[in-house]
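Q: Sequence and predicted structure, then a few things I'm wondering about:
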Amino acid sequence: MTDSTSLLSRYASALDEAVTSQAAIAQLSRTASLGLEDAYRVQALSSDLRVARGDRLVGVKLGFTSKAKAVQMGVSDVIFGRLHARGEYADGAGVALEDFIHPRVEPEVAFRLGAPFDARASADPEAALRAAVDAVAPGLEIIDSRYTNFKFSLTDVVADNTSAAGFVTGAWQPADLTSAAVRFDDRPVTLEIDGAVAATGSTSDILGDPVLALPAIARMAAAQGVVLPAGSVLLAGAATAAVALPGGVTVSATVQGLGSVRVTTTGTPAEER
């Protein structure tokens, strides 16, 4: 193992320990000079640690799909993260906040793969991914930065798996995305906490149309060598800003035409204990 690889492995281990212990760490960028490629390598190594202990890969997600957020972070491209089985919750399930540091929640549009997808095995990865998708659903993503005070640079958040921590999807509806004419834009989105509106947005806030997440996912899966099994979930991006996730509440998201999804929370996250 080279010194560089050893260092990236130590960063991956530190982030993994933050996940399992619910103890925030200092931003890597405070002491390390990481490029974006190195940050994705840390993400991959951290994901490997999770898979090695049985926390299998069940999907991927995009971040910075909102133009406003991208401008805020000074980036011109989306970022890519991995979803693991431990963070998958059933619609209506309870979420124990003791498993998180300082969680936030945001409404999403999710796609499901009816067939495996390997971007590197296709001459046209975007077309292959569209053909592999068989369903669409409303979703909620729980994000939870492993850094102190939920503050980070671009490379920090990429290394930290784009703050991915949990997700839930509502009822799946069949979707055939092989036609470029299929769109999911201009659909109102509402996020509620205990029945009170916490945020509103539109599916158009996700890259203009959530379907446009697919070419980005295909491109970035190829770049990162991520192979997705059938049944994998693709989170296209947030339709509103993230909202702090309190304990003892019911959180729901509604996407017009796609339905609703909800979870209930219990306990207190680590930062509040």
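A: Received, thanks.
Q: Where does pLDDT dip in the stretch 51-200 of the chain?
A: Within the stretch 51-200 of the chain, the segments meeting pLDDT under 70 span 67-76.
Q: what sits against residue 254?
A: 138, 189-190, 192, 260 (Cβ atoms under 8 Å, 6 or more residues apart in numbering). Backbone N, C-alpha and C define where each C-beta goes, glycine included.
Q: Pairing partners for the helix or strand containing it, with directions?
A: Taking DSSP states H and E as the definition, residue 254 sits inside strand 250-255. Applying DSSP bridges, strand 250-255 is found paired with strand 188-193 (antiparallel), strand 259-266 (antiparallel).
Q: Show me the contact partners of the last one.
A: Which is strand 259-266. Counting by Cβ under 8 Å, 6+ apart, 89, 91-97, 137-140, 168-171, 173, 245-254 sit against strand 259-266.
Q: From those, list the buried ones, please.
A: Buried by 16 or more other Cβ atoms under 10 Å: 89, 91, 95, 97, 137-140, 168-170, 245-247, 249, 251-254, out of the contacts of strand 259-266.
Q: Let's have the contacts of residue 254 in CSV, adding distance to residue 267.
A: Shown next, in CSV, are these (distance: Cβ to Cβ, whole Å):
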residue, distance to residue 267
138, 25
189, 27
190, 26
192, 20
260, 24
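Q: What about those, which one has the most neighbours?
A: When neighbours are counted by other Cβ atoms under 10 Å, residue 138 leads those with 30 neighbours.
Q: by how many degrees do whichever strand or helix holds that one and strand 188-193 diverge?
A: If you go by DSSP H and E, residue 138 is part of strand 133-143. For strand 133-143 against strand 188-193, the angle by axes from the mean of the first three to the mean of the last three Cα atoms, to 10 degrees is 40 degrees.
Q: next one: the helix or strand just after strand 133-143 to chain centre, how far?
A: Next in sequence after strand 133-143, counting helices and strands by DSSP H and E, comes helix 154-159. Its chain's C-alpha centre and that of helix 154-159 lie 13 Å apart, by Cα atoms, centre = their mean, to the nearest Å.
Q: Then stretch 144-155?
A: Taking Cα atoms, centre = their mean, the mean C-alpha location of stretch 144-155 is offset from the chain mean by 15 Å.
Q: Nearest residue to residue 261 in space, ignoring adjacent ones along the chain?
A: Leaving aside its sequence neighbours, residue 261 sits nearest to residue 170 (Cβ to Cβ, 6 or more residues apart in numbering; 3.3 Å).
Q: So that neighbour is in contact with residue 252, correct?
A: No: the pair residue 170 / residue 252 is not scored as a contact, 9.3 Å apart, by Cβ atoms under 8 Å.
Q: Do a quick rundown of the strands in the stretch 51-200 of the chain.
A: Taking DSSP state E, counting those that start in this stretch to define them, one finds strands in the stretch 51-200 of the chain at 57-63, 79-84, 88-89, 94-96, 104-113, 117-118, 133-143, 164-169, 173-174, 188-193, 196-202.
Q: which residues touch the closest residue to residue 200 other than its chain neighbours?
A: Closest residue in space to residue 200, ignoring its immediate chain neighbours: residue 190 at 5.4 Å, by Cβ to Cβ, 6+ apart. Residue 190 makes contacts with 107, 197, 199-200, 253-254, as judged by Cβ under 8 Å, 6+ apart.
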